[in-house]
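Novice: have a look; sequence and predicted model below, questions after that.
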Amino acid sequence: MRLLRTVRRMSQETPEVQLSALRVKYCERKDAFLEENIKVKNPLCLFRDWLALALKTPEIIEPNAAALATVSPTGKPSNRFVLVKEATAEGFTFFTNYGSRKADDIKGNPNVAISFYWLPLRRSVRIEGIAEKISPEDSLKYFHQRPRASQIGAAASPQSQRIPSRNYLDEVEAGIKQQLGADGEVPLPNWGGYLVRPDLIEFWQGQTDRLHDRIQFRRGDGVESEIDGNLVHKGEDGWVYERLAP
């Protein structure tokens, strides 16, 4: 919030903000993110600890907001923000229209990346993994937990497709409401969840001197053969971890 106030003040004082002059104070050396402070060397456990702190931080309005990056079958990247609705030992779940661009990308190339950024904490988490659809039953269960207006909105919107106007959406929404009545159950549209099973999770904490802390966890075929106790360390549940230069 302090950064936003500073930027707004600069915008009022000068006609153009020099982005190159912006500086944010991050953490001090005494607050460095160290390997010995990680109680359980499993990144999914560590993520839940960081998320718990983000949830308790009033300045972070949507701690589950994350940038999701996908790549089309032709190799063209794209990213957008989504809301991660579950973080478990299996991975990270988000929901979307199965006809959207992100869904088309995942269908042809399930490799995705997710990034969280919690500015007030000076922390970020970067995730790479494979996305797969969750079961229709689980998608339906979550769909009907959403506010009814959100359910109707999902049914009304052909996400990522061209539409003639905003009025078009309003008309489709009104038609669905009329068809269902005040209490009719909204049927599940072409919509559901994806579970991202991670094979890389990186934790970043900013340092004011720009010697930022980066600790990366990896798992997969052959990673444990890299363990040397110097650069690559043994974690838990098949993970290894290493510190990266900022």
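Specialist: Done, it's in. Numbering: from 1, shown residues only.

Novice: hey, let's count contacts and neighbours off CA atoms from now on
Specialist: Noted.

Novice: and after the longest helix anywhere in the chain, which helix or strand comes next?
Specialist: Using DSSP state H to define each element, the chain has its longest helix at helix 166-180. Remark: after helix 166-180, the chain's next helix or strand is strand 191-205, criterion DSSP states H and E.

Novice: within its sheet, name the partner strands of that following strand and how each one runs.
Specialist: With DSSP bridges as the test, strand 191-205 is paired with strand 92-97 (antiparallel), strand 123-133 (antiparallel), strand 213-218 (antiparallel).

Novice: please identify the deepest-packed of the ones you listed.
Specialist: Mean neighbours per residue, mean count of other Cα atoms under 10 Å, is largest over the strands paired with strand 191-205 for strand 213-218, with a mean of 21.

Novice: what pairs with the next helix or strand after that strand, and is each one parallel or antiparallel?
Specialist: The first helix or strand that comes after strand 213-218 along the chain, using DSSP H and E, is strand 233-234. Next to strand 233-234 in the sheet, as set by DSSP bridges, lie strand 240-243 (antiparallel).

Novice: mind listing what Gln205 touches?
Specialist: Contacts were defined as Cα atoms under 8 Å, 6 or more residues apart in numbering; by that measure Gln205 touches Cys27, Ala32, Phe33, Arg122, Arg123, Ser124, His212, Asp213, Arg214.

Novice: how about the residues you listed, which pair is most distant?
Specialist: Pairwise distances across the contacts of Gln205 (Cα to Cα) peak at 14.0 Å, for the pair Ala32 and Ser124.

Novice: nearest residue to the middle of the chain?
Specialist: In the chain, the centroid-proximal residue (Cα atoms, centre = their mean) is Ala66; its distance is 2.7 Å.

Novice: give the other helices and strands that the strand or helix carrying that one contacts.
Specialist: Secondary-structure assignment from DSSP H and E places Ala66 in strand 65-71. Helices and strands touching strand 65-71, by 3 or more Cα pairs under 8 Å, 6 or more residues apart in numbering; DSSP states H and E, are strand 77-83, helix 101-108, strand 111-118.

Novice: give me that answer again for 6 Å
Specialist: Counting contacts by 3 or more Cα pairs under 6 Å, 6 or more residues apart in numbering; DSSP states H and E, strand 65-71 is packed against strand 77-83, strand 111-118.

Novice: tell me the first helix or strand C-terminal of the helix or strand bottoming out on mean pLDDT in the chain.
Specialist: Every helix and strand of the chain was ranked by mean pLDDT, DSSP states H and E. The lowest is helix 2-13, at a mean of 57. Going down the chain from helix 2-13, the next helix or strand is helix 43-55, by DSSP H and E.

Novice: can I get the CA coordinates of that following helix in PDB?
Specialist: The C-alpha coordinates for helix 43-55 follow below in PDB (Å, rounded to 0.1, in the frame of the first residue of the first chain):
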ATOM      1  CA  PRO A  43       7.800 -27.300  -1.000                       C
ATOM      2  CA  LEU A  44       4.100 -28.000  -0.800                       C
ATOM      3  CA  CYS A  45       4.300 -27.800   3.000                       C
ATOM      4  CA  LEU A  46       6.400 -24.700   2.800                       C
ATOM      5  CA  PHE A  47       3.900 -23.200   0.300                       C
ATOM      6  CA  ARG A  48       1.100 -23.700   2.700                       C
ATOM      7  CA  ASP A  49       3.100 -21.900   5.400                       C
ATOM      8  CA  TRP A  50       3.700 -18.900   3.200                       C
ATOM      9  CA  LEU A  51       0.100 -18.900   2.000                       C
ATOM     10  CA  ALA A  52      -1.100 -19.000   5.600                       C
ATOM     11  CA  LEU A  53       0.900 -15.800   6.300                       C
ATOM     12  CA  ALA A  54      -0.400 -14.200   3.100                       C
ATOM     13  CA  LEU A  55      -4.000 -15.000   4.300                       C
END
